[in-house]
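Peer 1: Could you work out the structure for the sequence below:
(one chain, ligands or ions: 3)
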Amino acid sequence: MILIGAHMPTTNGIDKVPQETVRIGGNAFQVFGHNPRTWRAQIPSQSKVKSFKEQMVKHKFLSSSAFCHSGYLMNLASPKDDMWEKSIQLLITEMKICLSLGIKFLNIHPGSHLNSGETQGISRIAKAIDLALEKVSEVILLLENVSPKGANIGYKFSQIKDILDNVSEPRRIGITYDTCHGFDAGYDITSMEGVRKLLDEIENNVGLEKLKMIHLNDSKAPLGKALDRHENIGRGFIGDKGFSVFLSFEEIQKIPWILETPGSNEEHAQDIRHVKEILGMM
Ligand code: ZN
Ligand code: ZN
Ligand code: ZN
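Peer 2: Numbering: from 1, shown residues only. Ligands and ions are numbered 1, 2, ... in the order given. I've put the predicted structure just below:
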């Protein structure tokens with residue numbers, strides 16, 4: 001069985017997300033644990049948590065198919081102490097939100113070194129992760145591959161390996177592969193050889209067992225052009241043909257696919273239908 005879903009809005013309450021996911025044809029989802037554009041984050045009330053957990057059971061969601069995505073302001077690689085400390089505090093709160101909701105995975109962007117250098121940035125990220133993991137149990141952090149824009153760290157798997165090599169509890173870290181960001185970074189998943197090369201790179205650097213989620217996005221930009229512009233499935237440079245290649249791999253089929261494509265629930269419903277059509281054509 002394929003696990004598929006989308007990044008879901010929580011405007012009507014996080015406890016509405018499981019049902020809304022089913023309505024759009026999904027059986028997996030991702031949410032923000034708080035408004036991602038602010039530093040404010042708080043643990044949901046007991047009644048919300050109860051209602052959310054009831055809905056998860058009612059709609060038969062697996063804990064491995066529900067994900068939180070961290071806020072945009074967080075930068076665990078920041079060379080500025082105040083920003084770095086604030087980021088760690090936010091990460092800890094976000095992990096507590098996940099823990100309270102029973103969501104096992106928190107997806108984070110590794111960070112931007114802001115021209116302080118990659119080595120320095122990676123050591124800041126690893127230290128920040130250690131401090132946060134010490135404070136909150138159980139939650140697994142997923143490092144997402146990012147677009148190679150600015151001073152971003154984590155657009156290739158050797159960088160993610162360097163982070164893992166420097167944390168105390170690498171068993172509490174997994175990874176997410178974002179197809180748009182990967183395409184930006186030159187991973188051509190539109191050919192069998194390209195996907196094989198990607199999977200080998202993941203296996204050789206961090207191990208394929210660490211791959212817990214796919215962010216399934218087409219790309220408005222051509223291969224290697226780092227614009228980070230997500231596109232609806234089939235309408236971008238990866239295209240139907242590209243996805244039919246990528247999604248045919250068993251290693252990809254056994255983990256959840258989460259859409260972060262333009263639009264909201266209705267467009268995502270359309271994207272989910274479209275992905276299922278692509279699978280039907282295989
Ligand atoms: Zn992301
Ligand atoms: Zn993503
Ligand atoms: Zn993106």
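
Peer 1: Helices of the stretch 151-282 of the chain, residue ranges please.
Peer 2: 157-166, 179-184, 192-205, 239-246, 250-253, 265-280 (DSSP state H, counting those that start in this stretch).

Peer 1: out of those helices, deepest packed?
Peer 2: Stretch with highest mean neighbour count among these: helix 179-184 (a mean of 27; mean count of other C-beta atoms under 10 Å). Bear in mind the C-beta positions are built from the backbone N, C-alpha and C, glycine included.

Peer 1: That one near ligand 2 at all?
Peer 2: No - using C-beta under 5 Å from the ion, helix 179-184 stays clear of ligand 2, coming no nearer than 6.2 Å.

Peer 1: Which residues does that helix contact?
Peer 2: 144-149, 155, 189, 198, 214-219, 221, 223-231, 236-238, 246, 260 (C-beta atoms under 8 Å, 6 or more residues apart in numbering).

Peer 1: ok, which of the residues you listed also contact ligand 2?
Peer 2: Of the contacts of helix 179-184, the ones that also sit near ligand 2 (C-beta under 5 Å from the ion) are 215, 260.

Peer 1: Out of the contacts of helix 179-184, which sit inside strands?
Peer 2: Using DSSP state E, the subset of the contacts of helix 179-184 located in strands is 144, 214-216, 218-219, 230-231.

Peer 1: And the residues you listed, which is closest to ligand 2?
Peer 2: residue 215 (3.4 Å; C-beta to the ion).

Peer 1: I'd like the distance between the closest residue to the closest one other than its chain neighbours and residue 281.
Peer 2: Excluding the flanking residues, the one nearest residue 215 by C-beta to C-beta, 6 or more residues apart in numbering is residue 178, at 3.7 Å. From residue 178 across to residue 281, the span is 24 Å (C-beta to C-beta, to the nearest Å).

Peer 1: Between the two, which has more neighbouring residues?
Peer 2: A direct count of neighbours by other C-beta atoms under 10 Å for residue 178 and residue 281 places residue 178 higher, at 26 against 9.

Peer 1: need the contact list for residue 145.
Peer 2: 154-157, 160, 175-178, 181-182, 185 are the contacts of residue 145 under C-beta under 8 Å, 6+ apart.

Peer 1: on that earlier part again, mind giving me the ChimeraX command for buried ones among the contacts of helix 179-184?
Peer 2: Paste this into ChimeraX to select the buried members of the contacts of helix 179-184, with burial taken from 16 or more other C-beta atoms under 10 Å:
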select :144,145,146,147,148,155,189,198,214,215,216,217,218,219,221,223,226,228,229,230,231,236,237,238,246,260
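
Peer 1: out of the contacts of residue 145, who's nearest ligand 2?
Peer 2: Among the contacts of residue 145, and counting by C-beta to the ion, the member closest to ligand 2 is residue 178, at 3.6 Å.

Peer 1: May I ask you to confirm that that closest one is in contact with residue 219?
Peer 2: No - at 10.0 Å, residue 178 does not count as touching residue 219 under the criterion of C-beta atoms under 8 Å.

Peer 1: could I get the helices of the stretch 151-282 of the chain as JSON lines with mean pLDDT?
Peer 2: Listed next are the helices of the stretch 151-282 of the chain as JSON lines, based on pLDDT from 0 to 100:
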{"stretch": "helix 157-166", "mean pLDDT": "98"}
{"stretch": "helix 179-184", "mean pLDDT": "98"}
{"stretch": "helix 192-205", "mean pLDDT": "98"}
{"stretch": "helix 239-246", "mean pLDDT": "98"}
{"stretch": "helix 250-253", "mean pLDDT": "98"}
{"stretch": "helix 265-280", "mean pLDDT": "97"}
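
Peer 1: Now distance to residue 48 too, for the ones you listed, in a markdown table please.
Peer 2: Shown next, in a markdown table, are the helices of the stretch 151-282 of the chain (distance: least, C-beta to C-beta, whole Å):
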| stretch | distance to residue 48 |
| --- | --- |
| helix 157-166 | 33 |
| helix 179-184 | 32 |
| helix 192-205 | 36 |
| helix 239-246 | 36 |
| helix 250-253 | 33 |
| helix 265-280 | 20 |
